[in-house]
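Asker: give me a model of this one.
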Amino acid sequence: MIFIKTDLTRDEDLQQAVSEAAKLGHIKFLANIAGIQHINSIEDFPLERFDYMHRLMLRAPFHLSKLVLPRIRRSPRGPGPSVK
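Answerer: Okay, here's the model as predicted:
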């Protein structure tokens, strides 16, 4: 397994990471274990932190999926049973 350090909140970094991964061979799956937590009352919860959490834990996995799915579909033997 090879890890590519990436800022998941930057689109350019996501695109670069997928491009670099593709240079190493065929992309067959995507795993994302990024997550953070911030505890505060709603009244005191900083919106900047909420926006960051949204970018990191919702937008980034969705964007990465969009970037890797075409490559997964083109890989030898095609995608696994859960990718159509």
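Asker: C-alpha only now, for contacts and for neighbours.
Answerer: Noted.
Asker: average pLDDT for stretch 76-84?
Answerer: Mean pLDDT, stretch 76-84: 66.
Asker: same question for stretch 14-21.
Answerer: pLDDT averaged over stretch 14-21 gives 96.
Asker: C-alpha coordinates for it, PDB please?
Answerer: Only the C-alpha atoms of stretch 14-21 are listed here, as PDB (Å, rounded to 0.1, in the frame of the first residue of the first chain):
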ATOM      1  CA  LEU A  14      -7.400  15.600  -4.700                       C
ATOM      2  CA  GLN A  15      -6.900  15.700  -8.500                       C
ATOM      3  CA  GLN A  16      -3.100  15.400  -8.000                       C
ATOM      4  CA  ALA A  17      -3.500  12.500  -5.600                       C
ATOM      5  CA  VAL A  18      -5.600  10.500  -8.000                       C
ATOM      6  CA  SER A  19      -3.200  11.300 -10.800                       C
ATOM      7  CA  GLU A  20      -0.200  10.200  -8.800                       C
ATOM      8  CA  ALA A  21      -2.100   7.000  -7.700                       C
END
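Asker: now do the buried residues in it.
Answerer: By neighbour count on 16 or more other CA atoms under 10 Å, the buried set for stretch 14-21 is 14-15, 17-18, 21.
Asker: stretch 3-17 too?
Answerer: Neighbour-count burial for stretch 3-17 flags 8-9, 14-15, 17 (criterion: 16+ other CA under 10 Å).
Asker: mind listing which of the buried residues of stretch 14-21 are in helices?
Answerer: Secondary structure from DSSP state H places 14-15, 17-18, 21 of the buried residues of stretch 14-21 in helices.
Asker: pick out whichever of these sits closest to residue 59.
Answerer: Closest to residue 59 out of those is residue 14 (11.1 Å), distances taken as CA to CA.
Asker: quick one: that closest one and residue 64 touch, right?
Answerer: Yes. With contact defined as CA atoms under 8 Å, residue 14 and residue 64 form a contacting pair (6.6 Å).
Asker: ok, the residue nearest to residue 76 when sequence neighbours are not counted to residue 67 distance?
Answerer: Nearest non-adjacent residue to residue 76, counting by CA to CA, 6 or more residues apart in numbering: residue 26, 7.7 Å away. Going from residue 26 to residue 67 by CA to CA, to the nearest Å gives 13 Å.
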